[in-house]
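**Student:** Got a predicted model here, sequence first, then my questions.
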Amino acid sequence: MIELYHIWKQYQKPDWALKDVTIKVNQGDFCFVTGPSGSGKSTLLKIIFREIFPTHGQIVVDGRNILRISDHKIYRLRRTMGIVFQDFRLLFHKRVFDNVAVVLQVLGYPRKELRRRVFNALRMVNLHQKMWEYPSHLSYGEQQRVAIARAVVNNPNIILADEPTGNLDTELAYEIMSLFSEINKKGATVIICTHDRELIRHFGEKIVFLYKGKLLREENI
Amino acid sequence: MIPQKFKHFQRETLNNLWQFRARNVFSVTIICLSFLIVGIFVSLSNNLQYAAQQLSQDMAVVFFLNKDISPIDRETITKELEKSPFVQKTQFVSSEEAMEKFLIKFPDLKGIVDNLKLNPFPSSYEISLREKDLTYEETQPFIDKMRGMKGIEDVQFNKDWVEKMQSLSRLARAVGFFLGGILVLASFFIVSNVIKLNVIARKDEIEILRFVGGTNIFIRIPFLTEGTILGALGGILSLLLLFVVIKLFPVYLGSSLGVLNELINFRYLTFSQSFALIFSGAVIGLFGSLSSIAKFLKS
């Protein structure tokens, strides 16, 4: 369960990126965070995986206040999360396989098991035939799918995705969302930031509306 | 899990070394030259130490006697030597024995000696001192007393030479460590900055590793290994270069320096000195990279 209590975030005075946002996302929820550009969607995700600290407020993930976790122990939290960044953050000097495998290398998976899992993750996003290519040789949409494969390869409890379908055509966007939906059905909590209303309407179970850093409303469908 | 991580570290270290080879070669060269300076001075110091040891091995005092010394005076000298606490062994060398020794050492000069009508070599007492590490100051009163005795014409004592040689050796080592120390410090900063550049070049990768749950140690190890390898490699290369210098230097100087050749005929470093040099290189590399990656991870 992810609980955010009265989160405020200010990057520079006098503007607030988030203003007193309180949200609760239950285990196994498929949650969309939506709102126009600059509404604080990405900031919210960054706070959840503790890339940044909120100015005020508390965040509890699976019963632990993550703001109290020391820097050298934060890896434990991040190992339970899969993150898809808006800009993918792929390593362009490494092959697709290695980009996905990096998560399992960190965890020290044996080579055989690592290969099996990476292959399965890439097959899931339909990129297994391109696993020995470099990301620069892939299309934008394919790069995005590599980022998704990397996020899901170790079956994390929580998946955070920032505009994961932003660069994909409608068909592929639905495919990717179906993928997240499948992962969610296996028990993972999924939080997706998007402003694609069609996708939200089709897949949304819980929707959080943000506007200029404020929580407008929450809907459970 | 650990063997898998070990393989990962190995692969990442080799990747780093190869990917940034130009700047890595640069830092290895700097370390190598710094340690070469230290090595040359340690080698010179070894050489002087060796020379001092050689001298101290046959450290003896020779009391040359007057030609016309009376038996009573000789008896007095003998007694004085026997009761001295410094003397371990006394050997009387007659003028005939002295000439024989000379001719054995310098057979080419036999003609000159034969032409002399009388034996120019004085008889003498050759004394071995009881303790080899006696200082010049400690033995000086005894030598002076003997010098003043009737029948003694001259005294030859190589202890002061030994001490001068040892002081010179210490000086060479100190200069080496001082100059080398400055250069080694400079190489520390160079390694540190080279690793920092490598870390910055891999900034994105480090960031991703942190987001997917990589520990600081996991991120650090390839860079630390890289720094250690660069440092150790610099140390090894400096030893090889030192070997070349030691081999080529006497050839370059030729034999024109005569006796001085022995002094500049460098001896190679001992095993423990060579090991210490490589180990120091590795430590400098390790700490250089540690300082840069620590700063980066903190930021």
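**Tutor:** That came through fine.
**Student:** Where does residue B:114 sit, in terms of helix or strand?
**Tutor:** According to DSSP states H and E, residue B:114 maps onto helix B:110-115.
**Student:** who touches the helix or strand hosting residue B:138?
**Tutor:** Here residue B:138, judged by DSSP H and E, is contained in helix B:136-147. Residues outside helix B:136-147 that contact it (C-beta atoms under 8 Å, 6 or more residues apart in numbering or on different chains) are B:61, B:63, B:77, B:80-81, B:84, B:86, B:129, B:152, B:155, B:157, B:159-160, B:163. Every residue, glycine included, has its C-beta placed from N, CA and C.
**Student:** sorry, back to before: so for the helix holding residue B:114, mean pLDDT?
**Tutor:** For helix B:110-115, mean pLDDT rounds to 80.
**Student:** Quick check: can you name the pairing partners of the helix or strand following it and their directions?
**Tutor:** Per DSSP H and E, helix B:110-115 leads on to strand B:124-129 as the next helix or strand towards the C-terminus. Sheet pairing of strand B:124-129 (DSSP bridges) gives strand B:60-65 (antiparallel), strand B:87-93 (antiparallel).
**Student:** is any part of the one helix or strand residue B:187 maps to close to chain A?
**Tutor:** Element membership for residue B:187 (DSSP H and E) is helix B:159-201. No - using C-beta under 8 Å from any C-beta of the partner chain, helix B:159-201 stays clear of chain A, with a minimum separation of 9.8 Å.
**Student:** Quick check: mean pLDDT of that helix?
**Tutor:** 78.
**Student:** how far is the helix or strand that that helix is followed by from where the chain is centred?
**Tutor:** Next helix or strand after helix B:159-201 toward the C-terminus (DSSP H and E): helix B:203-211. Offset of helix B:203-211 from its chain centre (C-alpha atoms, centre = their mean, to the nearest Å): 47 Å.
**Student:** Helix B:203-211 vs helix B:159-201, what angle?
**Tutor:** Helix B:203-211 and helix B:159-201 are oriented at 80 degrees to each other (axes from the mean of the first three to the mean of the last three C-alpha atoms, to 10 degrees).
**Student:** residues of helix B:203-211 that come out buried?
**Tutor:** Residues of helix B:203-211 classed as buried: B:205, B:206, B:208, B:209, B:210, B:211 (neighbour count, 16 or more other C-beta atoms under 10 Å in any protein chain shown).
**Student:** quick one, what contacts the residue nearest the centre of chain A?
**Tutor:** Geometric centre of chain A, nearest residue: residue A:160, 1.9 Å, by C-alpha atoms, centre = their mean. Listed by C-beta under 8 Å, 6+ apart, the contact partners of residue A:160 are A:45, A:48, A:49, A:81, A:82, A:83, A:84, A:191.
**Student:** Could you rerun that using 6 Å?
**Tutor:** Shown in contact with residue A:160 (C-beta atoms under 6 Å, 6 or more residues apart in numbering or on different chains): A:45, A:49, A:83, A:191.
**Student:** same check, this time on residue B:77
**Tutor:** Contacts of residue B:77 by C-beta under 6 Å, 6+ apart are B:149, B:151.
**Student:** run the last query once more with 7 Å
**Tutor:** Residue B:77 sits next to B:125, B:149, B:151, B:152 when contact means C-beta atoms under 7 Å, 6 or more residues apart in numbering or on different chains.
**Student:** Now for residue A:187, how many residues are close by?
**Tutor:** 10 (other C-beta atoms under 10 Å in any protein chain shown).
**Student:** Let's verify it: helix, strand, or coil?
**Tutor:** coil (DSSP: H, G, I helix; E, B strand; the rest coil).
**Student:** How about it, nearest residue that isn't a chain neighbour?
**Tutor:** Closest residue in space to residue A:187, ignoring its immediate chain neighbours: residue A:28 at 5.8 Å, by C-beta to C-beta, 6 or more residues apart in numbering or on different chains.
**Student:** what about residue A:218, which SS state?
**Tutor:** strand.
**Student:** my guess is it contacts residue A:208, does it?
**Tutor:** Yes - look at residue A:218 against residue A:208 with C-beta atoms under 7 Å: they come within range, at 5.4 Å.
**Student:** thinking again about what came up before, what pLDDT, on average, does the helix holding residue B:138 get?
**Tutor:** 77.
**Student:** Quick check, residue B:24 in contact with residue B:230.
**Tutor:** Yes - contact criterion C-beta under 7 Å: residue B:24 and residue B:230 qualify, at 6.0 Å.
**Student:** Those two - which one has more neighbours?
**Tutor:** The neighbour comparison of residue B:24 against residue B:230 (other C-beta under 10 Å) goes to residue B:230, with 32 against 22.
**Student:** Return the residues in contact with the residue lying closest to residue B:16 once chain neighbours are set aside.
**Tutor:** The spatially closest residue to residue B:16, leaving aside those adjacent along the chain, is residue B:226, at 4.8 Å (C-beta to C-beta, 6+ apart). Going by C-beta under 7 Å, 6+ apart, residue B:226 touches B:13, B:16, B:17, B:195, B:198, B:289.
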